[in-house]
Structures are given as C-alpha cells and as structure tokens.
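> Got a predicted model here, sequence first, then my questions.
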Amino acid sequence: MDSNLVTTSRLLDRSVNNLLNDFGAGNSAPGSGSAAALMGILAGKLITTVCSLSIKKSEQEKLGIDNGSIKSNQLKYIQFENQFRFIIEDIQNNIEPQLKLLFEEDSREFEKVVKLRKQRIQAENESNKELQSKYNKESLDKLQQVTDFVFQISEQCFKLIDHGNFIFDKAYTAVRGDSGAAISAAIAGVTSSIFIINLNLVSLSRRNWSKEKKKACDDIYEKLQIKQLEAFSRVGALSSEVVETMQIKMDDI
C-alpha cells in the first residue's frame, strides 16, 4: 500500500475492508488514536439506530392511543421521544463530526511525528547535534498536539457512554444488544485513549505540560472505572431478566 495515500485522502472515505487493511498494514497511519476515534464513531452509529427504532415505537404508541389499542399505563417510549431526538442530533451534529475530524487529524499528524523521529535518528547517526535537537523538539511538539487529540477523543466517547446508558434503560428493549455494543465500543474508545496518553507522556515526561496532563489522564481513568461499573450493572440486570424469563417459562410447563 502506498503510505502517501493514507495521508492525502480521507481515510473514512475508503471501503471497510481497505480501511481495516490500512490498520493492519504496519504503517504509522492510521494508528491507535484513529482506532479509538473509530470505536466512538461506531458507538454513535449504534446509538443513533436504537434511538431511531425507539422513535418509531413511540409513533406506534401514539397510533395505539388514537385507536384505543394501547392504554396509557402501557406506554414505554412516548415520554422519552424528545430525549431520543436530542441524542440523535447531538451525535450527528456534534459528536460524530468531531470524532471524524479527530480520526483524520490523528492519523495525519502522528505520521509527521514518525517522520520527524526518523530525521532525528538520521541526524544523530550523522553526529549533527543541531539538527538532532531541532527534530527532537519538533517531534515532541507534534506528539503533544496529537496527545491533545486523544484527550478530545476520550471526551466525546464519555458523552457516548452516557447516551448509551440512557438508551439501554429507556429505549426499545428488543435492541438492547445494540445499546450494549454501543456502550462497550465507547468504553473501549476511552480505555484506548488512556493507554495512548500514558504512552505519549513517557516521551513527553520532561515537559511541564505533562504533569497537568498526567493528572487529567488519571482523572479520566477514575471516571472510566465508574462508567464501567454502571455498564456491568446493566449486564447483570439483563442477566437476571433472562433467569426470570426462563423461570416463568418453566412454571408454565
């Protein structure tokens, strides 16, 4: 694969197979930051699907009220329709565009980091300390910029975790598999971001900037642990529902 193709065209415009091959081609782009963003994008798509299906169920409930086939105490989705619409708009107008931009920017800018590192090594081999120092500073400056991208990716993924938790609890129950997959993908996006940030901070450890960012990364980790427990509680609730359903069916035999 031509590595220039990755940086001069939009990666997200490529076919799924080609994009996956890009990740597995052994090049610097796309890399782990773009992968974290992609997890968030997938989560957003799944959440949008669940919200859209729930709005359709809400519309069916309205028809049921009009024709008398549904009683008011049987309504599940009408009361949350505005929240479903808000979530769709938030993802489509804010979260997804931001993650797509970060996906492309991370890929493009990290490739510059790798290029500068190679130039630094070449300058070192040639005993050119002036160029070595220049490329080292430029590569760290660029890595710092890329690390900020990853913080932004984690921020968007946290929003998706919250949206995912809401729809798991309130949206169409038959598609909670999609809701759960969305929560899992968003959590994976944050988890990946934490790995990436900590790794980058190893290289940036001599900078004062890194101290503040290490604290911010630790805060993200603590917040993620809470979100993970919330997600696991939903897995447990669904598991208990399975047991109850099985017991009811056994009692009917």
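The structure has been received and is ready for your questions.
> Which parts of the stretch 1-150 of the chain are helices?
3-8, 16-23, 32-67, 81-90, 96-125, 129-170 (DSSP state H, counting those that start in this stretch).
> Now render those helices as JSON lines, adding mean neighbour count, mean pLDDT and distance to Lys213.
Yep, even glycine has a C-beta here, placed from its N, CA and C like the rest. Shown next, in JSON lines, are the helices of the stretch 1-150 of the chain (neighbours: other Cβ atoms under 10 Å; pLDDT from 0 to 100; distance: least, Cβ to Cβ, whole Å):
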{"stretch": "helix 3-8", "mean neighbour count": "14", "mean pLDDT": "39", "distance to Lys213": "26"}
{"stretch": "helix 16-23", "mean neighbour count": "13", "mean pLDDT": "92", "distance to Lys213": "26"}
{"stretch": "helix 32-67", "mean neighbour count": "21", "mean pLDDT": "95", "distance to Lys213": "15"}
{"stretch": "helix 81-90", "mean neighbour count": "17", "mean pLDDT": "98", "distance to Lys213": "27"}
{"stretch": "helix 96-125", "mean neighbour count": "19", "mean pLDDT": "96", "distance to Lys213": "16"}
{"stretch": "helix 129-170", "mean neighbour count": "20", "mean pLDDT": "97", "distance to Lys213": "7"}
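> between these, which one is nearest to Gln74?
helix 32-67 (7.9 Å; Cβ to Cβ).
> and that closest one, what does it pack onto?
helix 81-90, helix 96-125, helix 129-170, helix 176-203 (3 or more Cβ pairs under 8 Å, 6 or more residues apart in numbering; DSSP states H and E).
> To Gly68, which of those lies closest?
Within those, the stretch nearest Gly68 is helix 81-90; the backing value is 20.5 Å (Cβ to Cβ).
> Run the angle between the closest one and helix 96-125 for me.
Compare the direction of helix 81-90 with that of helix 96-125 by axes from the mean of the first three to the mean of the last three Cα atoms, to 10 degrees and you get 30 degrees.
> What is helix 81-90 packed up against?
Packing contacts for helix 81-90, counted by 3+ Cβ pairs under 8 Å, 6+ apart, involve helix 32-67, helix 129-170.
> now the longest one, how far from the centre of its chain.
Centroid separation between helix 129-170 and its chain, computed with Cα atoms, centre = their mean, to the nearest Å, is 12 Å.
> still on that earlier bit, got TSV for the helices of the stretch 1-150 of the chain, with distance to Ala237 too?
Shown next, in TSV, are these (distance: least, Cβ to Cβ, whole Å):
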stretch	distance to Ala237
helix 3-8	43
helix 16-23	33
helix 32-67	17
helix 81-90	20
helix 96-125	28
helix 129-170	9
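> what's the closest of these to Ser192?
Of the helices of the stretch 1-150 of the chain, nearest to Ser192 by Cβ to Cβ is helix 32-67, at 3.9 Å.
> between the helices of the stretch 1-150 of the chain, which one is nearest to Asn200?
Per Cβ to Cβ, nearest to Asn200 of the helices of the stretch 1-150 of the chain: helix 129-170, 4.5 Å.
> for the closest one, packing partners?
Checked by 3+ Cβ pairs under 8 Å, 6+ apart, helix 129-170 has helix 32-67, helix 81-90, helix 96-125, helix 176-203, helix 208-252 packed alongside it.
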